[in-house]
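In: Just need the structure, nothing else, for what follows:
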Amino acid sequence: MASIRRLKKDIDYLTFAVIDDSVNCLAYGKTTEEIAEIVEAAVAKRNELRGRVCAGKQVPKGERKAHYKSIGKDLLESVDEAFSKLSEMVKAKA
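Out: Numbering: from 1, shown residues only. Modelled structure (predicted):
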């Protein structure tokens, strides 16, 4: 299992990648309301995942690996969903 510190860094890195791509969508003439919705969802998910990582110390020792693995899975799913929304947004008016 990767370290907890690495998991937190991955959460931040991927969230900020979504935000960066969202800002780049402004160049394609997208409205700030469309982009703000995606950014707000990404930041909310980031905060939730970071909270779950910090709460991992209360999880029984035998279940921690599965707990952190589920956090990583949720992270990848949420980032993939955000990038898919951005992609569809760019394709829609391109």
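In: Okay, buried residues for whichever strand or helix holds N47 please.
Out: Using DSSP states H and E, the element containing N47 is helix 32-54. For helix 32-54, the neighbour count (16 or more other CB atoms under 10 Å) marks I35, I38, V39, A42, K45, R46, L49, R50, R52, V53 as buried. (Each C-beta comes from the backbone N, C-alpha and C, glycine too.)
In: Helices of this structure, residue ranges please.
Out: Applying DSSP state H to the chain gives helices spanning 4-24, 32-54, 64-93.
In: Could you provide these in a markdown table, with additional columns for mean pLDDT?
Out: Formatted as a markdown table, the helices of the chain follow (pLDDT from 0 to 100):
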| stretch | mean pLDDT |
| --- | --- |
| helix 4-24 | 95 |
| helix 32-54 | 94 |
| helix 64-93 | 92 |
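In: The nearest residue to I4 once chain neighbours are set aside: what's it in contact with?
Out: Nearest residue to I4, sequence neighbours excluded (CB to CB, 6 or more residues apart in numbering): V53, at 6.2 Å. V53 sits next to I4, L7, K8, I11, Y68, I71 when contact means CB atoms under 8 Å, 6 or more residues apart in numbering.
In: I only care about those that end up buried; give me the ChimeraX line for that.
Out: Burial among the contacts of V53 is assessed by 16+ other CB under 10 Å; the matching ChimeraX selection reads:
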select :7,11,68,71
